[in-house]
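K.L.:
this one's sequence-less:
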């Protein structure tokens, strides 16, 4: 998992208010992309929905307890899902989304103290969000 942590620790600091806004604007396309793919694990789809909700709520001023550092990690995880080229090519059967799931899972666990309570408040089942 060291490579996943390195991805996040190098990618998340690149998130700026402008790239965060861009990511938030494109969340509907991201959700649609993953909702229509049969090979994506359901827990990854749930994690995408939850992380998207967190970003939208943060943008709307509804999630004030979240630091920009945590928001940047979440934004990076969602941006990683958009990437055409990543660690494991998405088109590979059974394993193509393993790296995407690992990134989202690591972000969820890294910020679990605040995100777990937030998930419960928003009606998400925490254990279902964890993809690994």
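P.N.:
It's in. All of these numbers come straight from a predicted model, not from anything done at the bench.
K.L.:
longest helix in the chain, by residue count?
P.N.:
helix 42-59 (DSSP state H).
K.L.:
right, and the helix or strand after it?
P.N.:
Remark: after helix 42-59, the chain's next helix or strand is helix 68-82, criterion DSSP states H and E.
K.L.:
Please work out the angle formed by the directions of that following helix and helix 42-59.
P.N.:
With axes from the mean of the first three to the mean of the last three Cα atoms, to 10 degrees defining the directions, helix 68-82 sits at 130 degrees from helix 42-59.
K.L.:
can you give me the offset of the lowest-mean-pLDDT helix or strand in the chain from its chain's centre?
P.N.:
Least confident helix or strand, the chain: helix 27-35 with a mean of 85, by mean pLDDT, DSSP states H and E. The chain centre lies 12 Å from the centre of helix 27-35; the measure is Cα atoms, centre = their mean, to the nearest Å.
K.L.:
Now do that helix: which elements does it pack against?
P.N.:
Secondary-structure packing of helix 27-35 (3 or more Cβ pairs under 8 Å, 6 or more residues apart in numbering; DSSP states H and E): helix 42-59, helix 68-82. The C-beta positions use only the backbone N, C-alpha and C, and glycine is treated the same way.
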